[in-house]
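[1] Return atomic coordinates for the entry below.
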Amino acid sequence: MSTVVVSHTARPRHARHWMDALVLIVMLIALWQGMSEVLGPDVLTTPIATVKRAIRIVSGPDFPQSLYVTLLVFAFAFVISAVADVYLGLLLGTRGWRAMSWNRS
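    Alright, predicted model coming up:
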């Protein structure tokens, strides 16, 4: 018969990961705030000013149209790059690297 010892002071593994992530986020925001104070608001805005500006942009009347256009352009760029990548992959796959290399002999 085995005995299982449970420690009430040890946190579960997932709780430690959340705590690590939270500490990292807080440290990055503190670093951002400190760098903003050192460099000045013209060079690097504060986190609060950035959040306020983002809220103002997202709540603006032209944001849905701008988001639509941005996503449409992104989709077109993705399709163009996917087609080009498939074409280049087939080209290199059928001819091989040696046919495409700079062979001096």
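[2] The residue positioned nearest the centre of the chain in helix, strand or coil?
    Nearest to the geometric centre of the chain sits I25, at 14.2 Å (Cα atoms, centre = their mean). Put simply, I25 is helix when judged by DSSP: H, G, I helix; E, B strand; the rest coil.
[3] lowest average confidence, helix or strand, in this protein?
    Sorting the helices and strands of the chain by mean pLDDT, DSSP states H and E puts helix 63-100 at the bottom, at a mean of 89.
[4] What's the local residue count around the closest residue to E37 other than its chain neighbours?
    Spatial nearest neighbour of E37, excluding adjacent residues (Cβ to Cβ, 6 or more residues apart in numbering): T46 at 8.0 Å. From N, CA and C alone the C-beta is placed, and that goes for glycine too. The number of residues packed near T46 is 15, by other Cβ atoms under 10 Å.
[5] Could you list every helix and strand in contact with the helix or strand A30 falls within?
    If you go by DSSP states H and E, A30 is part of helix 13-39. Packing contacts for helix 13-39, counted by 3 or more Cβ pairs under 8 Å, 6 or more residues apart in numbering; DSSP states H and E, involve helix 47-58.
[6] Rounded mean pLDDT for the helix it packs on, please.
    Averaging pLDDT along helix 47-58 yields 96.
[7] Touching that helix from outside, list them.
    With contact meaning Cβ atoms under 8 Å, 6 or more residues apart in numbering, helix 47-58 is reached by 29, 32-33, 36, 41, 45, 63.
[8] ok, now how distant is the residue nearest to the centre of the chain from A15?
    The spacing between I25 and A15, counted by Cβ to Cβ, to the nearest Å, is 16 Å.
[9] and what of I48?
    I48 is 29 Å from A15, by Cβ to Cβ.
[10] swap in L44?
    From L44 to A15 the distance is 33 Å (Cβ to Cβ).
[11] same thing with L39?
    36 Å.
[12] so how far is stretch 23-39 off the chain centroid?
    18 Å (Cα atoms, centre = their mean, to the nearest Å).
[13] what's the burial count for D42?
    Considering only other Cβ under 10 Å, D42 is surrounded by 6 other residues.
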